[in-house]
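*Asks:* Fold the following, please.
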Amino acid sequence: MAVATLRTLATQAIIVACVVGSAIATKEFGQRPMPLAAVRMPAPSPIWLVSAEAAPAAVPDVAESSIDVADDASDFPPDVAIYARDPAVRWFNGRPVRPARELWMEVTAYSPDWRSCGVFADGLTATLHSVETNGHALVAADPTMLPYGTMLTVPGYDQDRIVPVLDCGSAIKGRRLDVLFPTHEEARKWGRQRLLVIVWEYADGLPAENPRAVR
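*Replies:* Below you'll find the model as predicted:
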């Protein structure tokens, strides 16, 4: 009798332990939502997007291009579609950019010849880029305020396209800009203007390229 009683008690203890363990497991795992795997968007690869009506035969070293805001972004590659619906996004040098801030600047103009550059008229900017980079559309700025490589739109200059800061000047300090024109005569026509300039930043989260690299 004693042996049978002990076996019965042991069996009941095992059953109780299983029930309690099942209840604990249900509380710990059954009622808590399972973690979802992190969804990561692929890093956008540099893609040149040039409008069909203005597609150049050869893509320049530094250039801006644009795409229309799309209702259906499925026609774009995956790394482009995430930006296709944002009307603020534009494209520069094959990468998406967005407005970062605005600055009131005094904007003058210069040409790459000796009348503007004096002894430094060697056909190269301070960052060792050719003055023909981006079709002669680039800007000289105070690098302590707008570092080399900064992207700007200057109202009325280069059809309001984005242009890079690739040069500097002895008189260009603080809130001063000098926009480049191919000839001295074109630079003189620009004169001196106070303009609200837009500063752009890359929207893809990737670091900017080295602005001093010779292209």
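*Asks:* quick one: residue 137 and residue 82, what's the gap?
*Replies:* Separation of residue 137 from residue 82 (CB to CB, to the nearest Å) stands at 28 Å. To be clear about C-beta, it is placed using only N, CA and C from the backbone, and glycine gets the same treatment.
*Asks:* To clarify, my last question referred to residue 127.
*Replies:* Taken as CB to CB, the span from residue 127 to residue 82 is 31 Å.
*Asks:* same thing with residue 180?
*Replies:* Going from residue 180 to residue 82 by CB to CB gives 34 Å.
*Asks:* Please say which of the two ends up with more neighbours.
*Replies:* Of the pair residue 180 and residue 82, residue 180 is the one with more neighbours under other CB atoms under 10 Å, namely 27 against 18.
*Asks:* How about the contacts made by the closest residue to the more buried one other than its chain neighbours?
*Replies:* Nearest residue to residue 180, sequence neighbours excluded (CB to CB, 6 or more residues apart in numbering): residue 138, at 5.2 Å. By CB atoms under 8 Å, 6 or more residues apart in numbering, residue 138 lies in contact with 62, 125, 129, 131, 163, 164, 165, 166, 167, 179, 180.
*Asks:* got a markdown table for those, with pLDDT too?
*Replies:* Below are the contacts of residue 138 laid out as a markdown table (pLDDT from 0 to 100):
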| residue | pLDDT |
| --- | --- |
| 62 | 50 |
| 125 | 95 |
| 129 | 92 |
| 131 | 94 |
| 163 | 97 |
| 164 | 96 |
| 165 | 97 |
| 166 | 96 |
| 167 | 96 |
| 179 | 98 |
| 180 | 97 |
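*Asks:* Show me which residues of stretch 203-215 are buried.
*Replies:* Neighbour-count burial for stretch 203-215, counted by 16 or more other CB atoms under 10 Å, picks out 203, 204, 211.
*Asks:* cool, and stretch 175-187?
*Replies:* Buried residues in stretch 175-187 (16+ other CB under 10 Å): 175, 176, 177, 178, 179, 180, 181, 184, 187.
*Asks:* quick one: terminal-to-terminal distance for stretch 196-207?
*Replies:* Terminal residues of stretch 196-207 are spaced 26 Å apart (CA to CA, to the nearest Å).
*Asks:* Can you name the residues in contact with that stretch?
*Replies:* 43-44, 83, 86, 89-90, 92, 95-105, 107, 146, 150-155, 162, 177, 208.
*Asks:* Going by neighbour count, list what's buried in stretch 144-164.
*Replies:* Under 16+ other CB under 10 Å, the buried positions of stretch 144-164 are 145-146, 148-154, 157-158, 161-164.
*Asks:* And for stretch 111-128?
*Replies:* 111, 112, 116, 117, 124, 125, 126, 127.
*Asks:* Restricted to helices, list those residues.
*Replies:* Among the buried residues of stretch 111-128, DSSP state H puts 116, 117 in helices.
*Asks:* Between all of the buried residues of stretch 111-128, which two are at the greatest distance?
*Replies:* 111 and 127 (18.0 Å; CB to CB).
*Asks:* Could you say which helix or strand holds the nearest residue to residue 154 once chain neighbours are set aside?
*Replies:* Closest residue to residue 154 apart from its sequence neighbours, by CB to CB, 6+ apart: residue 197 at 5.4 Å. Per DSSP states H and E: residue 197 is located in strand 193-202.
*Asks:* any idea how far residue 143 is from residue 177?
*Replies:* From residue 177 to residue 143 the distance is 12 Å (CB to CB).
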